[in-house]
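Asks: I'll drop the sequence and a predicted model, then ask my questions.
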Amino acid sequence: MDCTGGVVLVMGNLPLNIISMKAIVLKASGGVENLVLEDIAVPAIKDDEVLVKVKALSINPVDATLRKNDDFLRLVMHLGKDDQPVILGWDISGVVERVGKAVTGFRTGDEVFGMVNFTGHGKAYAEYVAAPESHLALKPSTISHEEAAAATLAPLTAWQTLVSEARAAVEVIHRLGVAQEAGIPAGGFDPALQPGESRFPLPTDWRPHRTTRIACGAPRCSAAAPAPNRPAAWSPALR
């Protein structure tokens, strides 16, 4: 369960050569009976996208709100009248199945996590998800796929509320020391920030590989330095 009362689901393994997948499709706005498990095509990826084989996904309270309200669903997910199938969800963790021609930060077999296309059509309730490269980060080896899937939308919402909205002093976050353990990939949590200052990036423009330090509750602790052209994996490393 994630920190907003959501649920983390674990997806099964699939053969590498399949062209179809299981997905939970929303057939119409309303109750949970409108969520139907179907066989659909594995999504094609663009040059700047990564195909992720989903190992776990996080279900957030907003998912239920969208499911019940068609106008809100179309507004938040940027849906046109003919956008089908409609697949809820944004938070995923899994393994890179293939990469687009322009992708330089990930390789097949990498374990990754992220919040995909929020706001927009993330399509996370599926066995495979096509995600922009910039919406993903390498999963730390110290956390599970379930933990990684729960470490995106909810923690980013908390960070935005505390720093961007409440203008809370960033030192309070530093003393909590939770960011490193949670594996949060977002661009904030920078010890150089002043009270009330925020470098919170919009989820639709994640640049986790451009962030070099996050708070982890210890003065000598920083994010592990990424290899050239590789996003940082959020695990502690002493300077």
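Replies: Nice, thanks for sending it over.
Asks: look up phi and psi at residue 157.
Replies: Phi and psi for residue 157, reported as degrees, to the nearest 10, are phi -60, psi -40.
Asks: the one 3 residues further on too?
Replies: Residue 160 has phi and psi values of phi -60, psi -40 when expressed as degrees, to the nearest 10.
Asks: can you give me the helices for this structure?
Replies: Along the chain, counting by DSSP state H, helices occupy 61-68, 70-76, 145-149, 153-159, 170-176, 179-182.
Asks: of all the ones you listed, which lies closest to residue 139?
Replies: Smallest distance to residue 139 across the helices of the chain (CB to CB): 4.8 Å, for helix 145-149. In short, each C-beta sits where N, CA and C put it, glycine included.
Asks: what's the closest one packed up against?
Replies: Helices and strands touching helix 145-149, by 3 or more CB pairs under 8 Å, 6 or more residues apart in numbering; DSSP states H and E, are strand 7-10, strand 49-59, strand 91-99, strand 111-115.
Asks: in it, what counts as buried?
Replies: Residues of helix 145-149 classed as buried: 145-149 (neighbour count, 16 or more other CB atoms under 10 Å).
Asks: next one: stretch 93-104
Replies: For stretch 93-104, burial by neighbour count (16+ other CB under 10 Å) applies to 93-100, 103.
Asks: contacts for that stretch, please.
Replies: 11, 16, 45-57, 106-113, 128-129, 133, 139, 145-146, 148-149, 229 (CB atoms under 8 Å, 6 or more residues apart in numbering).
Asks: drop anything exposed from these.
Replies: Those of the contacts of stretch 93-104 that meet the buried threshold are 11, 45, 49-57, 106, 110-113, 128-129, 133, 139, 145-146, 148-149, by 16+ other CB under 10 Å.
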